[in-house]
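Asker: Predicted coordinates and the sequence they were generated for:
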Amino acid sequence: MTTHMDSVGTQIVAAIIGHPVSQSLSPAMHNAVFRERNANWRYEAIDVEEASLSTFLHSLKERNIGALSITMPHKEAVFAFLNESSNEVGEVEESALSARSVNTITVKSGRLIGSNTDGDGCCNALEQFGVNLKGVRVVVVGAGGTAGAVIAALDRRGATDIAIINRTEARAHEAATFSRHARVGTAVDIARANVLINATSVGMGESISPVDSKDLHAGLVVLDAVYHPLETQLLRDAINIGATTVDGLWMLVHQGALQQSSWLGVSGDIRIMREAAVDALAQRDK
């Protein structure tokens, strides 16, 4: 695989696409690693509306784009685009098939290869904090694209019971098909769970939690995919009852490190990425 690690020749562009996308921390994270490695890459944010998505994906060669991160609301649409049987532009790898969504595109020999690092990024963040996922009982809050990727990855890591809580029960039933060990759950399941994951945007920028604090217990490890604020209301409630907490920035940097592995052949340094993201958040909050 060509890694484009050379510091000569045409600079390769990587980008995150979504709508909106201006507040993304990904440019700060990825550019910090590119600089540290002297890689001849730059990373930028590009706002792409849904109506323009297909045209944009067909234009990557002209734009000299060698890699993409995909964020809301395009993950499922990009999966459908690349997984189309008649599609001659690219294909999807198993990580995207199991998640039914794409958050990473690597351009190889002119073809767009879609994968998904969200789920494994979440699992790697949990394992960094000492969680052995084999045999654990997990509650996942949410049933969207991120939740699906997380559920599929939990299945691969050996979780034996995955209860899904979602406002819309039909969506929870759909998300339960991502793992043979997943099912629709309720708040009652939190009492016997080892791990609680918030895979929704509830709590982003405001002091609300997707889970009632009375349902939490000290034996939980709680990961909140929301990273702004870093200490969400859910994490504050978990800290107050003595649970272990993992903020969403750890998930973000771990999935970003896996993206760099797809693009450059070398995993990104999570410490460099987190430091750059924390600095960007601090600038944003000034």
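Answerer: Thanks, I have the structure now.

Asker: Surely Ala243 is in contact with Leu220?
Answerer: Yes: using CB atoms under 8 Å, Ala243 is in contact with Leu220, at 4.3 Å. Glycine gets a C-beta too; all of them are placed from N, C-alpha and C.

Asker: Could you check how far the residue nearest to Leu97 when sequence neighbours are not counted is from Gly90?
Answerer: Sequence neighbours aside, Asn83 is the residue nearest to Leu97 in space, at 7.5 Å (criterion: CB to CB, 6 or more residues apart in numbering). Going from Asn83 to Gly90 by CB to CB, to the nearest Å gives 9 Å.

Asker: more crowded one of Ala243 and Leu220?
Answerer: Leu220 (21 against 17; other CB atoms under 10 Å).

Asker: Any idea how far apart the tips of stretch 175-185 sit?
Answerer: In stretch 175-185, first residue to last residue: 11 Å (CA to CA, to the nearest Å).

Asker: Tell me which residues of it come out buried.
Answerer: Along stretch 175-185, these residues count as buried under the neighbour rule (16 or more other CB atoms under 10 Å): Ala175, Ala176, Phe178, Ser179, His181, Ala182, Val184, Gly185.

Asker: likewise stretch 81-95?
Answerer: For stretch 81-95, by 16+ other CB under 10 Å, it's Phe81, Leu82, Asn83, Gly90, Glu91, Val92, Glu93, Ser95.

Asker: Am I right that the second one is in contact with Glu91?
Answerer: Yes: using CB under 8 Å, Leu82 is in contact with Glu91, at 6.2 Å.

Asker: shared neighbours, these two?
Answerer: Counting by CB atoms under 8 Å, 6 or more residues apart in numbering, the common neighbours of Leu82 and Glu91 are Leu112, Gly114.

Asker: Could you point out which of the buried residues of stretch 81-95 is nearest to Trp250?
Answerer: Set against Trp250, the nearest of those by CB to CB is Ser95 (19.2 Å).

Asker: what's the burial count for Glu36?
Answerer: Counted with other CB under 10 Å, the neighbours of Glu36 add up to 13.

Asker: sorry, back to before: need the buried residues of stretch 81-95 in TSV (columns: pLDDT, distance to Leu234 and secondary structure).
Answerer: Output for those, formatted as TSV (pLDDT from 0 to 100; distance: CB to CB, whole Å; DSSP: H, G, I helix; E, B strand; the rest coil):
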residue	pLDDT	distance to Leu234	secondary structure
Phe81	94	34	helix
Leu82	95	33	helix
Asn83	93	33	helix
Gly90	92	37	strand
Glu91	94	37	strand
Val92	96	32	strand
Glu93	96	32	coil
Ser95	95	27	helix
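
Asker: Reformat those into a markdown table and put distance to Gln260 next to each item.
Answerer: Listed next are the buried residues of stretch 81-95 as a markdown table, based on distance: CB to CB, whole Å:
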| residue | distance to Gln260 |
| --- | --- |
| Phe81 | 23 |
| Leu82 | 20 |
| Asn83 | 24 |
| Gly90 | 19 |
| Glu91 | 21 |
| Val92 | 19 |
| Glu93 | 16 |
| Ser95 | 15 |
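
Asker: Pick out the most distant pair among these.
Answerer: Phe81 and Ser95 (16.6 Å).

Asker: so which helix or strand takes in the nearest residue to Trp250 once chain neighbours are set aside?
Answerer: Of all residues not flanking Trp250 in the chain, Ala125 sits nearest, at 4.0 Å (CB to CB, 6+ apart). Secondary structure assignment for Ala125, by DSSP states H and E: helix 118-128.

Asker: Can I get the helix or strand following that helix in PDB? Just the C-alpha atoms.
Answerer: Going down the chain from helix 118-128, the next helix or strand is strand 137-141, by DSSP H and E. What follows is strand 137-141, C-alpha atoms only, in PDB (Å, rounded to 0.1, in the frame of the first residue of the first chain):
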ATOM      1  CA  ARG A 137     -22.500  -6.800  29.900                       C
ATOM      2  CA  VAL A 138     -23.000  -3.500  28.100                       C
ATOM      3  CA  VAL A 139     -25.700  -0.900  27.900                       C
ATOM      4  CA  VAL A 140     -25.600   1.200  24.700                       C
ATOM      5  CA  VAL A 141     -27.700   4.400  24.700                       C
END
